[in-house]
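Asker: Pasting the sequence and the predicted coordinates here, then a few questions.
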Amino acid sequence: MSQLTNAQVTHLPVAAGQVGRLSQALMAMVLGVFIVGVVGFSHIDVIHNAAHDVRHSNAFPCH
Amino acid sequence: MGTFRSIVFSSVIAGFIVGLIVTVAQQFGTVPLILKAEVFEKAAETHQHEHDSAAAPQAAAAGHDHAGHSHADHDHGAAGWEPREGLERNAYTAVANVLTAIGFALLLAGFFAVRSGATGESISWHEGLLWGLAGFAVFTIAPGLGLPPELPGVPTAPLLSRQIWWLAAVLATAAGLALIVFRRTVPAAIAGVILLTLPHLIGAPELQHVETNVPSSLSHQFMVAVTLTSLVFWSLLGSLTSTIFARFDRNADRPA
């Protein structure tokens, strides 16, 4: 992915800056959704039991 | 990777603070109600077990006292690790709260980065607060209309079907709000309102008959407690994440 960004920087510096920012933001957002997904929605028993009260308190579907 | 680093740093800091504050708020709001409901839940399970063992004494004698357990995917009576009551349980709650807050902060800060990249201005705490309130609407109000915050011991439709509806309601609400806020045209507004309504017209999965010994007054108190703590969570998370992100982003070497 960094190769792609570098290639774009050479040709279109301004647009590439935006693309870099967008792709980095998207990466962070995917990471965030992944964390919330594991803590709040994973069907694995151990995770469910550890995060039980949080799932109920956040009104995530539980049990 | 300046932007990514700014997003992660600000999300971790804001998530830590908000997660801990919300853990304290839950100790007064939601957790006492969960514990009360579990008393009813355990009483119902014990009753169920007595019933089972009376009906099938051989199974109980063979040690299969969970064989007749009415909800197999329900972990409270079943084997499997659970945190010990008291400090250990609350410590795991705190960790889960911090992780959830960091996760949602990453989502918010991602939007802040895109927005401030497009406008050229750094995000203000006030704009962050509005994003936080949007998160409250998307992740608490919209799914909560169809699937009200549930207490342990209240029977519900199968988990996966509720998770799918929850996700659909979140996505439709987010898309609807985005159309209304960012497009500012009549067709987009109409499409936005339709998207906001659609998940509720389809309806959340629910059971035909709900029998529970958890009092409905307890369930109502829990709904209020969840909504209020969630409002605190999202307002704090929006304003704090935006403030910290704006500071990191200003100092970071921005690409191009």
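Answerer: Perfect, thanks for sending it.
Asker: ok, and for stretch B:22-34, which residues are buried?
Answerer: By 16 or more other C-beta atoms under 10 Å in any protein chain shown, the buried positions in stretch B:22-34 come out as B:22, B:23, B:25, B:26, B:29, B:30, B:31, B:33, B:34. Any C-beta I mention is one placed from the backbone N, CA and C, and that applies to glycine too.
Asker: brain fart, stretch B:131-141
Answerer: B:131, B:132, B:133, B:134, B:135, B:136, B:137, B:138, B:139, B:140, B:141.
Asker: Kindly list the longest helix within chain A.
Answerer: Ranked by residue count, the top helix of chain A under DSSP state H comes out as helix A:13-41.
Asker: Check which helices and strands it sits against.
Answerer: The helices and strands touching helix A:13-41, judged by 3 or more C-beta pairs under 8 Å, 6 or more residues apart in numbering or on different chains; DSSP states H and E, are helix A:2-11, helix A:52-57, helix B:2-28, helix B:87-119.
Asker: Name the helix or strand of chain A that has the lowest mean pLDDT.
Answerer: helix A:2-11 (a mean of 48; mean pLDDT, DSSP states H and E).
Asker: Residue B:114 contacts residue A:23, correct?
Answerer: No - in this structure, residue B:114 is not within contact of residue A:23 by C-beta atoms under 8 Å, at 10.4 Å.
Asker: Mind pulling up the pLDDT for residue B:118?
Answerer: If you check residue B:118, the pLDDT there is 89.
Asker: List the buried residues for the helix or strand hosting residue B:220?
Answerer: According to DSSP states H and E, residue B:220 maps onto helix B:216-251. Across helix B:216-251, burial judged by 16+ other C-beta under 10 Å covers B:218-219, B:221-223, B:225-227, B:229-230, B:232-246, B:248-249.
Asker: contacts with chain A among these, please.
Answerer: Among the buried residues of helix B:216-251, the ones lying near chain A by C-beta under 8 Å from any C-beta of the partner chain are B:226, B:229, B:230.
Asker: Take these and write them to JSON lines, including pLDDT and distance to residue B:84.
Answerer: Output for those, formatted as JSON lines (pLDDT from 0 to 100; distance: C-beta to C-beta, whole Å):
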{"residue": "B:226", "pLDDT": "97", "distance to residue B:84": "25"}
{"residue": "B:229", "pLDDT": "97", "distance to residue B:84": "24"}
{"residue": "B:230", "pLDDT": "97", "distance to residue B:84": "27"}
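Asker: Which of the residues you listed sits closest to residue B:88?
Answerer: Ranked by distance to residue B:88 (C-beta to C-beta), these are led by residue B:229 at 21.6 Å.
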